[in-house]
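S.K.: Got a predicted structure plus its sequence, pasted below:
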Amino acid sequence: MHWIIWLCLAALVVLLLLSPVLARTKAALLCLLSLLLSSWWLIDKLSGDGINSATLYHLRSDMEGAGVADFGGYIAGFIGLMLISLLPFALLRVRRLQLPRHGGAVFAGFAAALVATVALSPLYADGRRVYQQMQPVDYSAVAPEYLLPSQPLAKRPNIVWIYGESLERTYLDEAVFPGLMPNIARLAGEALDFRNIASADGSGWTIAGLVSSMCGVPLTTAQGDENSMGRLGQFLPEAFCLGDYLKQQGYSNHYMGGANGQFAAKADFLRSHGFDDVRDLEWFQQQDIGKQHFSPWGVHDDVLLEQAYARFTELSQAGTPFMLTTLTMDTHHPAGHLPVACKNTRYRSQYGNIGLLNALKCSDRLISRLVQRIRDSAFADNTLIVIASDHLAMPNDLSDVLEKQHRENLLLFLGKDVQPRQIVARAGTTLDSGATALHLIDPAIHAIGFGRSLLTPPAATSASYAALQTDQRDYARYRAFARSLWLGEQTRMLRLEDDQVLVGVQKVQPPVLLEYDEQWALKSMYLENTSRKFEEANPHHRLAYVDRCTAFEDGSADGQWCALLVDEKQGMRMYRDNQLRRGVAVDAPLQAFNGQRPNVRQSRMISRQPRHTGPGQYILELYAAQRPQRAFWVEAVSSKRKVVVAQQWVQADADGRIRMPVGLDHAIDDLEIRAWLNHAEQLAVDDYALLPMKTEHPRS
């Protein structure tokens, strides 16, 4: 952070000590600001660009599979900053600097300094940037630029696409890293080598790099504030990507990557867009591979690329066209990893013994070896090889060096009919990679999505051109169009299919709250904290809330689905399960009602985890130290909340005890106990038990 922020923080500390007036309030505000700045520091260390599109995406996607151990130093630093952030409360004991008067003036100065610190800090700049990116934008002007190939391919060579993790072309600069990557540098001289390839906003992390290069669109999240994209049924269902097109043309698509496919929903993207076979960490764990071949992120690159070549040979021998995509991992920030095949690899440099440089040198050898084996094989003449970085390097042990260089992505094409030459792109980003690959296969194709072939003259207007401009207003239209690909444009009809709500083209697992603005545009889709969002929503907007009927009705115990619609004119209507299955128009007229909007509930889990329970009659006993004043629903559910086993309208006695019967006709593997409460109600369960019901035997 800039030195002026530290100066402002020092001024705030002095103003805290000068007067006891509202001292606790000042300490709390200073503590909160310090915690926010500490969080920003950690995020910036991970993203390299503060709070940006990547931050928002990863907050909303599945983080399972992240190599947290690699960031231990950053996490330790963050913990240290958090502890320092609590010091303002300890400083309240200092009396030496306190002035006997002018407490009000000192507080006013503290407040002014606090506002100035926030305004000067990266928190404000990043918050303003994210806010602007999330605002609705009219994308109709750029919609005609979204082009999809449809004609049959003139020829159908096999494609091997190798993504190098953070393997930007900057590492090939002999003046900065002499002898670091001689093998890939040699391949660049034998390839169609594109220079000056940038990363547009929305393509600067791994899954975004895959989406931008294969689909020709930047990656954005769907409307709303969902914390887990796992509840969305499909990944960018309206997008048409390279895998989709190749599958139409008779290709089979295959992916091999050493990391967990669930991380950032990578596997969901691939399976949603034409990939028949996705082999990730789970697949490698099922093979007979020793533990020494795994890092915190997954399987090492030597094993991965050996398996990739075996898969290439197998697919080539089958005789049908295919695309094999592989993604390396050992050059992941911040320090990289060395596989067993490179355990003695060392790169001597002026920057010292840096582990990432050793990993890069290893990656150079392993990737080039795979490429050479393919080129030496009997199938080389019918294979197009692509070597590309997934994105520019994130903050790593070489960031100080890289920041002084001209950063560019790696993009090489090698094949029998590919003429070796170097082309400097005038306005090129990873959005254009897929279109360029298709153009090399068939010159009649020059676009996919917003991507344009780098072999054609740059267009006067394009997504890549707009992305490289300082003023991002034009590029915001492309981002807005990409956001619409999650749901489509027809979002005013709700339909229930297989216990999921169809919103536009997207299937969503309830509960879901949809908020429409005055022009009937879908402003937000909320999947978490829906009951709170319902109460906090703009009163001038129409809301559509889909959940179990229990969320809305005291008398409902059937476990079916209901949709509650309310509008700004005090209109309301409830649609039940059978109506939802036929389809509900959210813009249909509603019925007037008096009073406030309904107070909706949301289910909260009481049991710590699902449990196997055999058939029989049970008594569920709960002991709640804190509970709502009024009665509420408690239920036992199974099969991921699809089946309601027992449900009762309960109220705790004076001791906080709740009892309800639970009868099971058959064994259940995933029994959960849940309560239905609104967001303001509290339920703290000290203990609970599911006890077999005692059977009374008649006396003889």
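M.R.: Sure thing, it's come through.

S.K.: Dihedrals phi and psi, the closest residue to Q651 other than its chain neighbours?
M.R.: The shortest distance from Q651 to any residue other than its chain neighbours is 4.1 Å, reached at A631 (CB to CB, 6 or more residues apart in numbering). Using the backbone N, CA and C atoms, a C-beta is placed for each residue, glycine as well. Per-residue torsions, A631: phi -70, psi 160 (degrees, to the nearest 10).

S.K.: One more: the one 3 residues further on?
M.R.: In terms of degrees, to the nearest 10, the main-chain angles of V634 are phi -120, psi 140.

S.K.: I'd say it and R659 touch.
M.R.: No. Counting by CB atoms under 8 Å, V634 stays clear of R659, with 10.0 Å between them.

S.K.: Report the contact partners of the residue nearest to K507 when sequence neighbours are not counted.
M.R.: Closest residue to K507 apart from its sequence neighbours, by CB to CB, 6+ apart: G233 at 3.0 Å. Contact analysis of G233 by CB atoms under 8 Å, 6 or more residues apart in numbering lists Q500, Q506, K507, V508, Q509.

S.K.: How is the third one assigned, secondary-structure-wise?
M.R.: Assigned with DSSP: H, G, I helix; E, B strand; the rest coil, K507 falls in the strand class.

S.K.: Numbering from 16 from now on, please.
M.R.: In the new numbering, first residue 16, that becomes K522.

S.K.: any idea how far it is from L502?
M.R.: 10 Å (CB to CB, to the nearest Å).

S.K.: Looking at those two, which is more packed in?
M.R.: More crowded of K522 and L502, by other CB atoms under 10 Å: L502, with 23 against 18.

S.K.: Spell out the secondary structure type for the more buried one.
M.R.: L502 is classified as coil under three-state DSSP.

S.K.: For the nearest residue to it once chain neighbours are set aside, give me phi and psi.
M.R.: Residue nearest to L502 in three dimensions, not counting chain neighbours: G519, with 3.8 Å by CB to CB, 6+ apart. As for G519, its main-chain torsions (degrees, to the nearest 10) stand at phi 60, psi -120.

S.K.: For the contacts of G248, work out which two are farthest apart.
M.R.: Greatest spacing in the contacts of G248, by CB to CB: Q521 and Q524 (10.8 Å).

S.K.: higher neighbour count, those two?
M.R.: Neighbours were counted for Q521 and for Q524 using other CB under 10 Å; Q521 has more, 22 against 16.

S.K.: is the more buried one in a bridge, and if so with what?
M.R.: Beta-bridge pairing for Q521 (DSSP bridges): V518.

S.K.: so what's it up against?
M.R.: The contact partners of Q521, by CB under 8 Å, 6+ apart, come to A237, L247, G248, Q249, P252, W501, L502, G503.

S.K.: Show the contacting residues for the residue nearest to L502.
M.R.: L502, G503, E504, Q505, T506, L537.

S.K.: my guess is V226 meets V232, correct?
M.R.: Yes. Counting by CB under 8 Å, V226 touches V232, with 6.7 Å between them.

S.K.: How much space separates L407 from H348?
M.R.: Counting by CB to CB, the gap from L407 to H348 is 11 Å.

S.K.: shared neighbours of these two, anything?
M.R.: The contact lists of L407 and H348 share S181, where a contact means CB under 8 Å, 6+ apart.

S.K.: neighbour-wise, which of the two wins?
M.R.: For the pair L407 and H348, the greater number of neighbours falls to L407 (24 against 20), based on other CB under 10 Å.

S.K.: thinking again about what came up before, what touches both of V226 and V232?
M.R.: Common neighbours of V226 and V232 (criterion: CB under 8 Å, 6+ apart): L251, A254.

S.K.: Counting neighbours, what do you get for F327?
M.R.: A count of nearby residues for F327, using other CB under 10 Å, gives 23.

S.K.: For it, give me its contacts.
M.R.: By CB under 8 Å, 6+ apart, F327 lies in contact with V175, L339, I389, S392, F394.

S.K.: hmm, 6 Å instead?
M.R.: L339 (CB atoms under 6 Å, 6 or more residues apart in numbering).

S.K.: That one and D292, how far apart?
M.R.: 13 Å.

S.K.: follow-up on the earlier one: buried subset of the contacts of G519, written for ChimeraX?
M.R.: In ChimeraX, this line selects whichever of those come out buried by 16 or more other CB atoms under 10 Å:
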select :502,506,537
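
S.K.: Nearest to L138 among the contacts of G519?
M.R.: L537 (29.1 Å).

S.K.: That closest one reaches R507, doesn't it?
M.R.: No. Using CB atoms under 6 Å, L537 is not in contact with R507, being 8.2 Å away.
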